[in-house]
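In: My questions are about this predicted structure, shown below with the sequence.
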Amino acid sequence: MPSSIERICILALGLIGGSLAKALKQNGYAGEIVGWGRRESTLQRGLELDVIDRYSLDLVEAIKNADVVVIATPTLIAENMLRQLAELKTNGQLADKTVITDVASVKGNLLAVAKEAFGEVPPKLVLGHPIAGSEKSGVEAAKADLFVNHRVILTPTEETDPAAVKLIQSMWESTGAEIAQMPVDEHDDVLAATSHLPHILAYSLVDALAEQKERQDIFRFAAGGFRDFTRIASSDPTMWHDISLANSQSLLKMIDMFSDHLATLRADIEKANGDAIMTCFSRAKAARDNFAAILEKQNQSTITDE
């Protein structure tokens, strides 16, 4: 962690923002961590849990002389936070040195808002996304090891100051995270396929089954596979509502792709086309086994490196 980061301000003290603060403290960060939010009870709890060093309900006071400002609000609220920070920048209330970053699951909408609000892509804006989380939410669920061996994707543009990228990369690396970089559009497409679509499917399945007359028996006798697949439907609805709207273009492409694939499988089942069904299932198993092998190799590499 660079010694130049003397003060970090975290906007919204939920699972990710709280976990970042706890991870930094546990890994030796000696600077000051300031919390900001709209609910004083949450900020006070963060203070009691030693997640932050102090807090303010006043945004101007919270970001004063901050070296890094981390927007840790839900995705759509993050858009408004960027607009507010742009206004404060214009008024001279956001320091020139301050690097702005975020933790949102969608990047395209934030980049567009940043261009509009600042009149350009701010050189000290480094959009980022930690690929880590939990179905639990709130500062009470914050974990210091949440990011260990998890990827954080940074999406700098041509306008981004390389020194700002290096600063944010160093911050995340100090939490035990692995850093990757990719273009904004690629990030949103990849996350729509691997994270956003699975959550949409889990929510939709549980909602559909909950409307059935036999729902009590369905849930009472559900096996482990159902529990594992639908676990993510316990995630924060507000967060996933925002993600669905913010990344709608990429998500709709993935929903259409999956719908077409499911329709083909339905037709094969209706026609008792056993060969096609077996081909689909076998191909999926091979792909999933390959994915598991890649994960295992990565885990072993991490253990060896340690």
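Out: That came through, no problem. Numbers count the residues shown, from 1 in each chain.

In: in this structure, which helix or strand is least confident?
Out: Every helix and strand in the chain was compared by mean pLDDT, DSSP states H and E; the lowest is helix 215-220, with a mean of 75.

In: what's next to that helix, contact-wise?
Out: With CB atoms under 8 Å, 6 or more residues apart in numbering as the test, helix 215-220 has contacts from L209, Q212. Every residue, glycine included, has its C-beta placed from N, CA and C.

In: Same question for T160, what's its three-state structure.
Out: Secondary structure, DSSP: H, G, I helix; E, B strand; the rest coil: T160 is coil.

In: Give me the neighbour count for it.
Out: Residues lying near T160 (other CB atoms under 10 Å) number 20.

In: For it, grab phi and psi.
Out: Per-residue torsions, T160: phi -70, psi 130 (degrees, to the nearest 10).

In: okay, it: pLDDT?
Out: We have a pLDDT of 97 for T160.

In: looking at it, it is touching G128, isn't it?
Out: No - T160 is beyond contact range of G128, at 11.2 Å (criterion: CB atoms under 8 Å).

In: Where do the strands of the stretch 51-200 of the chain begin and end?
Out: Shown for the stretch 51-200 of the chain, the strands assigned by DSSP state E, counting those that start in this stretch span residues 54-56, 68-71, 99-102, 125-126, 128-130, 151-154, 178-181.

In: what separates the residue lying closest to A117 once chain neighbours are set aside from L125, distance-wise?
Out: Spatial nearest neighbour of A117, excluding adjacent residues (CB to CB, 6 or more residues apart in numbering): A86 at 3.7 Å. In this view, A86 and L125 are 10 Å apart by CB to CB, to the nearest Å.

In: Common neighbours of those two, please.
Out: In contact with both A86 and L125: A114, F118, using CB under 8 Å, 6+ apart.

In: out of those two, which sits in the more crowded spot?
Out: L125 (28 against 20).

In: residues touching the more buried one, list them.
Out: Shown in contact with L125 (CB under 8 Å, 6+ apart): V99, I100, T101, A114, F118, T160, A164.

In: one step back: in the least confident helix or strand of the chain, what's buried?
Out: Buried residues in helix 215-220, counted by 16 or more other CB atoms under 10 Å: none are found.

In: Likewise for stretch 90-99?
Out: For stretch 90-99, a neighbour-count test (16+ other CB under 10 Å) marks L94, A95, T98, V99 as buried.

In: from those, which two are the most distant?
Out: Spanning the widest gap among these are L94 and V99, at 10.8 Å by CB to CB.

In: So which of the strands of the stretch 51-200 of the chain is nearest D189?
Out: Here strand 151-154 is closest among these (CB to CB), at 12.3 Å.

In: I'd like the mean pLDDT over that closest one, please.
Out: Averaged across strand 151-154, pLDDT comes to 96.

In: other SSEs contacting it?
Out: Applying 3 or more CB pairs under 8 Å, 6 or more residues apart in numbering; DSSP states H and E, one finds that strand 151-154 contacts strand 128-130, helix 162-173, strand 178-181.

In: What lies in contact with the longest one?
Out: With CB under 8 Å, 6+ apart as the test, helix 162-173 has contacts from 1-2, 4-5, 8, 24, 67-68, 99, 101, 123-126, 128, 130, 147, 152, 154, 156, 179, 181.

In: again, only using 7 Å
Out: 1-2, 5, 68, 99, 101, 123-124, 126, 128, 152, 154, 156, 179 (CB atoms under 7 Å, 6 or more residues apart in numbering).

In: ditto for the first one
Out: For strand 128-130, contacts defined as CB under 7 Å, 6+ apart pick out 16, 101-105, 107, 147, 150, 152-154, 168, 177, 187.

In: all helices of the stretch 51-200 of the chain, in order?
Out: 59-63, 75-90, 108-118, 162-173, 184-191, 197-210 (DSSP state H, counting those that start in this stretch).

In: out of the ones you listed, which comes closest to M254?
Out: Among the helices of the stretch 51-200 of the chain, the nearest to M254 by CB to CB is helix 197-210 (4.4 Å).

In: between the closest one and helix 184-191, how many degrees?
Out: Going by axes from the mean of the first three to the mean of the last three CA atoms, to 10 degrees, helix 197-210 is angled at 40 degrees with respect to helix 184-191.

In: now the residue minimising distance to the centre of the chain: how far from P74?
Out: By CA atoms, centre = their mean, the mean C-alpha position of the chain lies nearest to S105, the distance being 4.0 Å. As judged by CB to CB, S105 and P74 stand 10 Å apart.

In: just A30 next, same as before
Out: From A30 to P74 the distance is 30 Å (CB to CB).
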